[in-house]
Structures are given as structure tokens and as C-alpha cells.
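**Q** got a predicted model here, sequence first, then my questions.
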Amino acid sequence: MDKLLSFILPIYKVEAYLPQCVDSILSQMNPACEIILVNDGSPDGCGAICDGYAAKYENIQVIHKENGGLSSARNAGLEQAAGRYILFVDSDDYIEPGSVEKILAWIDSTDADVAFMLSRKVYPDGTSEPLGENLVRSEIRDRAPVEVLRFLASCPKFPASAWGKIYRRSFLLEGGHRFPDDRRLSEDLQYSLDLLLTAQRFDYLDFPYYCYRQNRAGSICNTVNARYYFDTFWFVEDCAVRFAEAKRAVDETGALALSFAAYEYAILLWQMLDMEGDDRKKAYTLLKKHRWVLRYGRSGRTKLVRGAVTVLGLTGTAKLLNWYMARR
């Protein structure tokens, strides 16, 4: 039977969370699905857990590889996947019951290149909340690509996560879409933007699907550090080079791409005060150099940040953002 759906799980140091992740998918499997577990040289018991699953279930494959980072693991899984559509699942997260059946029914009736998925944040105390992207299916499904980009640019968040979407495998392979295999920690940003700029058909699956675990000890997203900060700034700088000349967008598509850079810029401004010493000085210098990117922000939040910077300056706005976020 041809595979319709491939789940790719990059795995590294998630021994305590991996069984819940795999079981949340496995409990919904049918012969049209496969799970590809990519053990990225994890030093704990993840490799043995993967082998245990593969020995019991024929629709689970395991790739053992030397540690190469998240992008390398995802790319390795993509090369082996056979499904018509691809889903990346971070192995410390999990998916909602009943979602696979709905995804398979959707696959039978679509040729979308990329579809966005409904996700929620899940906290250690068991509470949860929406991810906050505020996507609307009627603004995405069967719309022209530029119309989708305009809508996304106005949303509260840049939908950058790789796990928050489903992809037509032939679109990824034929377009040469791979994650940047250079160990940057902001790999989803550039990857997602490139997909948004090249996809021709979009959709949004508005049923509960992804559970994004919050505040996990050891997660690279749980702590702001200099490497993660400046890797993210690379995205802003790259957009400034690719989509603007003399600090002006080259065209409408460039302006829309810069709107997503403006969203990330606003986050970096908020996080600037988490940097220390020379790293904070470097962050301030970069923020000052690329302050013009905020002009292209289309969401309400980026517009508010732009206004605050005009009145309070960069440091004053960073303090205001820290005060606000601490009280949310």
C-alpha cells in the first residue's frame, strides 16, 4: 500500500518524553502511515527506545546517525520518507488523539503544497493555551499565494515552526527544500519563509493537532542564550540583504518577507536585555543597524513596537517589553 503520510521525528536527549510522542502517533496509525525515528547520536537511552519500537511495528523505521543537529536529522528523515505528505514532530512534543484520521481524509481531497496545522502550548501543570497565530482557513485555502502572504503578515505571529505545517513531499523534493545544515539554532525561520515564498497552494487544517510542550528543561527554546539570539538575528540580516535595496523592499513580495523579519526583530529587541556584556553591546549595534526593518511590520504587535521605539528608543522599548512580558 502506498504511504500517504510520513511522520519524521528528530531525536536527541529526550528519553523521558520520547515514548509519549511516539505513542501519540502510533495509537492512531494505519497502513497508509509511517513513522521515521531519526536518532541523532543521542547519548542517552533514546537509541534503544527507537530500536524497541521498530522491532515491534513494521511501519516504524529507525535511522541511527552521528550527531549533526536538528536540521541534519530532519533532512535524513526526509530522504527516507515515502509518504505523499510529510509531518515533522519534535520528539519532546506529541499530537492530539483523532487527528491522524482527519489528516488522511484531507489528503484524499487536496493537492496543497503546504498546510498550516492547529497547535497549542502545553505546560507542565497540565494547562494549555492556543499558540496564538490566529489563522483563518477562508483566508488561506484556495487563495493566491500573495493573498496568503498578506494575511499571514497581518497575523500576531510569524508561523515559522516546521512542526506547525504539513508538506507535500514532492514539493519539498522537487524544490530542493532542505533545512540549513550548518547547526544554526534558528533553522525553522529561513526554511519556513522559503516555503511560503515558493508554494503555490495553501490550506489550513483547523482541528486540534499539535501539542507544543513548554518549559522543558534542556530545550534549546527554553533559554535565551547568545548563540540562539545571534542565529535568529542572522535571519533578520539575511532578509534585509535578500529583499531590500538601500533599506527599501525590492517589491511587494520583498515587503511581505520583511514583515516576518520585523516580527523576529521585535522579539530580539525584547530579548536584548537578556544578553550580557559584549553580547548586549553587539545586540544593540545590530538592532540599531536594522531598526528600519520595523517599517515593514504589518501585525498589530510590530506596529506597536515601532511606535514605542520612536518615542522611547531601543533600550527604553526593550525595558517596556520586558515589563509587559513579565506580567502576562
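**A** Yep, that arrived.
**Q** where do the strands sit along this structure?
**A** 5-11, 33-40, 60-65, 85-88, 94-95, 114-122, 128-130, 165-168, 202-213, 244-245, 248-249 (DSSP state E).
**Q** which other helices and strands contact the fourth one?
**A** Based on contacts counted as 3 or more Cβ pairs under 8 Å, 6 or more residues apart in numbering; DSSP states H and E, the elements that strand 85-88 packs against are strand 5-11, helix 70-80, helix 99-107, strand 165-168, helix 169-174. C-betas here are computed from N, CA, C, even on glycine.
**Q** return the most buried member of those.
**A** strand 5-11 (a mean of 26; mean count of other Cβ atoms under 10 Å).
**Q** outline the domain layout of the chain.
**A** When the chain is parsed with automatic domain parsing, its domains come out as 5-213, 226-326.
**Q** rewinding a little: tell me which of the helices and strands packed on strand 85-88 sits nearest to Tyr57.
**A** For Tyr57, the closest of those is strand 5-11, at 12.3 Å, according to Cβ to Cβ.
**Q** any low-confidence regions in this structure?
**A** Residues of the chain that meet the criterion pLDDT under 70 lie in 183, 216-224.
**Q** centroid residue for it?
**A** By Cα atoms, centre = their mean, the chain has its centre lying nearest to Ser161, at 0.9 Å.
**Q** please state the backbone phi and psi of it?
**A** phi -70, psi 140 (degrees, to the nearest 10).
**Q** ok, for it, nearest residue in space, not its chain neighbours?
**A** The spatially closest residue to Ser161, leaving aside those adjacent along the chain, is Asp188, at 5.5 Å (Cβ to Cβ, 6 or more residues apart in numbering).
**Q** quick one: residues contacting that neighbour.
**A** Ala160, Ser161, Ala162 (Cβ atoms under 8 Å, 6 or more residues apart in numbering).
**Q** the same query, at a cut-off of 10 Å, please.
**A** 70-71, 74, 88, 158-165, 179-180, 235 (Cβ atoms under 10 Å, 6 or more residues apart in numbering).
**Q** still on that earlier bit, most packed of the strands of the chain?
**A** strand 5-11 (a mean of 26).
**Q** now for that strand, which elements pack on it?
**A** Here strand 5-11 touches helix 18-26, strand 33-40, helix 46-56, strand 60-65, helix 70-80, strand 85-88, helix 99-107, going by 3 or more Cβ pairs under 10 Å, 6 or more residues apart in numbering; DSSP states H and E.
**Q** just give me how far the longest helix belonging to the chain sits from the chain centre.
**A** Ranked by residue count and defined by DSSP state H, the top helix of the chain is helix 300-326. Put simply, helix 300-326 sits 24 Å off its chain's centre (Cα atoms, centre = their mean, to the nearest Å).
**Q** residues of it that come out buried?
**A** Thr302, Leu304, Val305, Arg306, Ala308, Val309, Leu314, Thr317, Ala318, Leu320, Leu321 (16 or more other Cβ atoms under 10 Å).
**Q** and for stretch 128-148?
**A** Leu131, Glu133, Leu135, Glu139, Ile140, Arg141, Arg143, Pro145, Val148.
**Q** dump these to JSON lines, plus distance to Gln28.
**A** JSON lines is the format used below for the buried residues of stretch 128-148 (distance: Cβ to Cβ, whole Å):
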{"residue": "Leu131", "distance to Gln28": "21"}
{"residue": "Glu133", "distance to Gln28": "24"}
{"residue": "Leu135", "distance to Gln28": "23"}
{"residue": "Glu139", "distance to Gln28": "29"}
{"residue": "Ile140", "distance to Gln28": "25"}
{"residue": "Arg141", "distance to Gln28": "24"}
{"residue": "Arg143", "distance to Gln28": "30"}
{"residue": "Pro145", "distance to Gln28": "31"}
{"residue": "Val148", "distance to Gln28": "29"}
